[in-house]
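Asker: Sharing a model that was predicted from the sequence below.
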Amino acid sequence: MPIVWDFEGRAIRLTDERRDHILEHPETSALQGSIGATLRGPEAVVQSLSDPEVRLYYRHYAGTFVGDKFLCVVVKVTEADAFVVTAYLTDRMKKGRRIWPVEP
């Protein structure tokens with residue numbers, strides 16, 4: 001099971017089951033390397049409105065299978081663990097508290 005380090009140096013688990021689930025969708029099948037890149041160098045990180053332990057890491061990618069989109073990598077961060085829940089392509093970022101970059 002790979003460990004990916006995010007932009008803050010946090011170790012995030014990406015289980016084989018979660019990776020396979022993400023990559024089984026045609027629109028995300030070519031984005032395996034982009035998951036780690038998004039965690040290491042996101043354009044924005046937003047705390048979920050529905051679950052304060054969930055962070056949404058966003059990075060824009062041009063020319064994906066479905067055009068120019070943001071890749072959103074959903075990560076559950078607890079006191080003892082951090083792991084990828086899912087990842088998907090989207091046109092826009094969800095609302096929530098911006099964790100990074102910090103808004104003034």
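Answerer: Great, that's in hand. Numbers count the residues shown, from 1 in each chain.
Asker: hey, what's the spatially most central residue of the chain bridged with?
Answerer: By CA atoms, centre = their mean, the chain has its centre lying nearest to Val73, at 1.5 Å. On the basis of DSSP bridges, Val73 is bridged to Tyr57, Ala87.
Asker: residue contacts, it?
Answerer: Each residue near Val73 by CB atoms under 8 Å, 6 or more residues apart in numbering is listed here: Ile35, Thr38, Leu39, Leu56, Tyr57, Val84, Ala87. Heads up, the C-betas are built off the backbone N, CA and C, glycines and all.
Asker: could you redo the last one with a cut-off of 10 Å?
Answerer: 4, 6, 12, 14, 22, 31, 34-39, 42, 45, 55-59, 84-88 (CB atoms under 10 Å, 6 or more residues apart in numbering).
Asker: tell me which element the closest residue to Ser34 other than its chain neighbours falls in.
Answerer: Nearest residue to Ser34 in three dimensions, chain neighbours excluded: Leu71, at 5.5 Å (CB to CB, 6 or more residues apart in numbering). According to DSSP states H and E, Leu71 maps onto strand 67-77.
Asker: Go through that strand and flag the buried ones.
Answerer: Lys69, Phe70, Leu71, Cys72, Val73, Val74, Val75, Lys76, Val77 (16 or more other CB atoms under 10 Å).
Asker: export those residues to a markdown table and tack on pLDDT and distance to Arg92?
Answerer: Converted to a markdown table, these look like this (pLDDT from 0 to 100; distance: CB to CB, whole Å):
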| residue | pLDDT | distance to Arg92 |
| --- | --- | --- |
| Lys69 | 96 | 9 |
| Phe70 | 97 | 7 |
| Leu71 | 97 | 13 |
| Cys72 | 98 | 10 |
| Val73 | 98 | 15 |
| Val74 | 98 | 15 |
| Val75 | 98 | 19 |
| Lys76 | 98 | 22 |
| Val77 | 98 | 23 |
